[in-house]
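Q: When you get a sec, could you give me coordinates for this:
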Amino acid sequence: MLGRLNHVAIAVPDLAAASAVYRDTLGATLTEPQALPEHGVTVVFIDTGNTKVELLEPLGENSPIAAFLEKNPAGGMHHICYEVDDIIAARDRLKAAGARVLGDGNPTIGAHGKPVLFLHPKDFLGTLVELEQA
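A: Model prediction:
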């Protein structure tokens with residue numbers, strides 16, 4: 001079921017400042033910021049060749065990232081994303097095994113234009129897991 005690692009997401013309080021660290025200090029090439037109002041975030045991706053790093057900044061009052069940053073004001077790792085061949089089959093298998101799918105359980109469209117789901121961190125060793133349709 002589990003496919004390749006798609007990205008590791010880092011929540012940041014200031015996307016421009018975080019982008020500058022990756023660009024100027026690490027020499028990374030970054031995408032342009034992309035607002036995702038349906039997810040309450042603005043994102044920038046860094047391609048590392050074998051996977052990506054996603055920088056997330058809160059967008060709007062109800063951003064799920066805002067609560068994370070209240071607890072971690074400097075930012076930090078927010079979630080890890082894996083690809084799956086069939087997101088509906090993966091969801092059904094995980095639910096049957098007792099895993100909790102966040103939201104209403106239906107995929108939404110993520111930053112890459114593909115269906116995504118999030119899994120409760122308490123079911124995955126304290127890590128928020130995102131699944132993305134390959």
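Q: CA only for contacts and neighbour counts going forward, please
A: Noted.
Q: Please enumerate residues in contact with the helix or strand bottoming out on mean pLDDT in the chain?
A: Ranked by mean pLDDT, DSSP states H and E, the weakest helix or strand in the chain is helix 64-71, scoring a mean of 93. With Cα atoms under 8 Å, 6 or more residues apart in numbering as the contact definition, helix 64-71 has outside contacts at Ala11, Val12, Pro13, His39, Gly40, Val41, Leu56, Glu57, Pro58, Gly75, His78.
Q: Report whether the expected contact of Glu54 with His7 is present.
A: Yes - contact criterion Cα atoms under 8 Å: Glu54 and His7 qualify, at 6.5 Å.
Q: Between those two, which has more neighbouring residues?
A: More crowded of Glu54 and His7, by other Cα atoms under 10 Å: Glu54, with 26 against 21.
Q: coming back round to it: for the least confident helix or strand of the chain, buried residues please.
A: For helix 64-71, a neighbour-count test (16 or more other Cα atoms under 10 Å) marks Ile65, Ala66, Phe68, Leu69 as buried.
Q: and if you look at stretch 121-134?
A: In stretch 121-134, counting by 16+ other Cα under 10 Å, buried: Pro121, Leu128, Val129, Glu130, Leu131, Glu132, Gln133.
Q: and the contacts of helix 64-71, which two are the farthest apart?
A: Pairwise distances across those peak at 17.7 Å for His39 and Gly75 (criterion: Cα to Cα).
Q: thinking again about what came up before, show me which of the contacts of helix 64-71 is closest to Gly98.
A: For these, the nearest to Gly98 is His78 (22.5 Å; Cα to Cα).
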